[in-house]
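Engineer: Turn this into a model:
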Amino acid sequence: MGLSKETLLNLYDTMVKIRTFEERVGEMYYEGKLPAFDIAAGPIPGEMHLYSGQEAVATGVCANLQPDDPVTSTHRAHGHLIAKGEDLKKMMAEIFGKETGLSHGKGGHMHLFDPNLHFGCGGIVGGGIPQAVGAALAIKKRGEDRVAVSFFGDGAANIGAFHESLNLASIWRLPVVFVVEDNLYAISVPKSASTAVRSNAERGAAYGIPAVQVDGQDVLAVYEAAKEAIDRARRGEGPSLIEAVCYRFRGHFEGDPELYLAKGEKDKWKERDPINILGSQLKAQGLLTDAEAEAIQAKMTDLVAEAEAFARESPYPAPEEALEHLFA
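Structural biologist: Now for the predicted structure:
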């Protein structure tokens, strides 16, 4: 692909940052919740959906974006926001429900918003797909050099808003890229039991949209597909659809017993850890040593520790602020 050493190492750094953040959040999440699981207890109450294992998708796509390119995400949004360049301290504080968080602690982990990064997510399945189309329509009408991206899961590709959005985006030749993160399951339902086509990339043809299925564990494959789609959108040639086949290394949510998984399935997928795949390629090319990889991991561990300390020490929003910062 002719990528520079700097670009390749940035991809590696971002994936390590996402994984380190997610795994630490996963550890903190269970504080106070065990032995009898209490979802409301601990420093991080409520549900938690982590992105470990899917880092190559967020990283490969967002590496091709500009800071003002809008992105819509899902209930599993941490990886996308980190790849977009978010401040880990503000992000962690929001997950903790603290005043210093992105939404003053009122949104939590499934409602992360940053207008400076043009990023938003939500817990409604597929809710961000039409929002990205709306952003792309505004971009086109204003004549701006920007591209909207919508991340969503394979389950969301079966809802009406997905088809309506692709249809409108195609008719109006909007600068938007749809990214299906096919991690094989819609919560616990396998794609084979819920989706009539083998690949959601096949659905692009119904709307005259270029579509491709890529290996979502290979950040370089994702990067290449995303670059082609995003460049196409910037040239005014309309939308594209990318299906990235990937795998989440943790349950759909924390506490998920994962009874729907076949024995040994997760272990098999972990053999194709996206971080290890790129790391091995870089080492084989002499672009990364074991010592440098350890230094990168140490750096990301420190960054996450700083974000954790910031979140723990930050105050909760005052009760009288409950009705502030809301849509009227």
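Engineer: Name the residue closest to the centre of this structure, please.
Structural biologist: Central residue check for the chain by Cα atoms, centre = their mean: the C-alpha nearest the mean position is that of residue 80, 3.2 Å away.
Engineer: Tell me who's in contact with that one.
Structural biologist: 51, 58, 62, 71, 73, 119, 121, 151 (Cβ atoms under 8 Å, 6 or more residues apart in numbering). Quick note: C-beta positions are derived from backbone N, CA and C, even for glycine.
Engineer: what helices or strands is the helix or strand containing the last one leaning on?
Structural biologist: Spelled out, it's residue 151. Assigned by DSSP states H and E, residue 151 belongs to strand 148-153. Judged by 3 or more Cβ pairs under 8 Å, 6 or more residues apart in numbering; DSSP states H and E, the packing partners of strand 148-153 are helix 55-62, strand 71-72, helix 128-142, strand 176-182.
Engineer: now these as TSV including mean pLDDT and mean neighbour count?
Structural biologist: Conversion of the helices and strands packed on strand 148-153 to TSV gives the following (pLDDT from 0 to 100; neighbours: other Cβ atoms under 10 Å):
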stretch	mean pLDDT	mean neighbour count
helix 55-62	98	29
strand 71-72	98	28
helix 128-142	98	20
strand 176-182	98	28
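Engineer: contacting residues around stretch 38-46?
Structural biologist: 25, 28-33, 47, 95-97, 108-109, 255, 312.
Engineer: and with 6 Å instead?
Structural biologist: With Cβ atoms under 6 Å, 6 or more residues apart in numbering as the test, stretch 38-46 has contacts from 28-29, 31-33, 95-96, 108.
Engineer: on that earlier part again, could you dump the helices and strands packed on strand 148-153 into TSV and include distance to residue 211?
Structural biologist: Formatted as TSV, the helices and strands packed on strand 148-153 follow (distance: least, Cβ to Cβ, whole Å):
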stretch	distance to residue 211
helix 55-62	15
strand 71-72	19
helix 128-142	15
strand 176-182	9
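Engineer: so what's the residue nearest to residue 90 when sequence neighbours are not counted scoring on pLDDT?
Structural biologist: Excluding its sequence neighbours, the residue lying closest to residue 90 (Cβ to Cβ, 6 or more residues apart in numbering) is residue 102, at 5.1 Å. On the pLDDT scale, residue 102 is placed at 96.
Engineer: give me the number of residues near residue 24?
Structural biologist: Residue 24 is flanked by 17 other residues according to other Cβ atoms under 10 Å.
Engineer: returning to what we had before: from the contacts of residue 80, which single one is nearest residue 231?
Structural biologist: residue 62 (14.8 Å; Cβ to Cβ).
Engineer: can you give me the helices in the stretch 201-328 of the chain?
Structural biologist: 219-234, 265-270, 274-284, 290-313 (DSSP state H, counting those that start in this stretch).
Engineer: Report the angle between the third one and helix 55-62.
Structural biologist: So that's helix 274-284. 70 degrees (axes from the mean of the first three to the mean of the last three Cα atoms, to 10 degrees).
Engineer: Buried residues, helix 274-284. List them.
Structural biologist: Residues of helix 274-284 classed as buried: 274-275, 277-279, 281-282 (neighbour count, 16 or more other Cβ atoms under 10 Å).
Engineer: Show me what that helix is in contact with.
Structural biologist: Under Cβ under 6 Å, 6+ apart, the answer for helix 274-284 is 12, 15, 55-56, 217-219, 288, 293.
Engineer: Need the CA coordinates for it. PDB is fine.
Structural biologist: Below are the C-alpha coordinates for helix 274-284, written out as PDB (Å, rounded to 0.1, in the frame of the first residue of the first chain):
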ATOM      1  CA  PRO A 274      -5.700  -7.400  15.000                       C
ATOM      2  CA  ILE A 275      -3.000  -5.900  17.200                       C
ATOM      3  CA  ASN A 276      -0.800  -9.000  16.800                       C
ATOM      4  CA  ILE A 277      -1.400  -9.200  13.100                       C
ATOM      5  CA  LEU A 278      -0.200  -5.700  12.500                       C
ATOM      6  CA  GLY A 279       2.600  -6.000  15.100                       C
ATOM      7  CA  SER A 280       3.900  -9.100  13.400                       C
ATOM      8  CA  GLN A 281       3.900  -7.400  10.000                       C
ATOM      9  CA  LEU A 282       5.700  -4.400  11.300                       C
ATOM     10  CA  LYS A 283       8.300  -6.500  13.100                       C
ATOM     11  CA  ALA A 284       8.900  -8.600   9.900                       C
END
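Engineer: model confidence over it, on average?
Structural biologist: Rounded mean pLDDT across helix 274-284 is 97.
Engineer: gap between that helix and the chain center?
Structural biologist: Here helix 274-284 is found 21 Å from its chain centre; the criterion is Cα atoms, centre = their mean, to the nearest Å.
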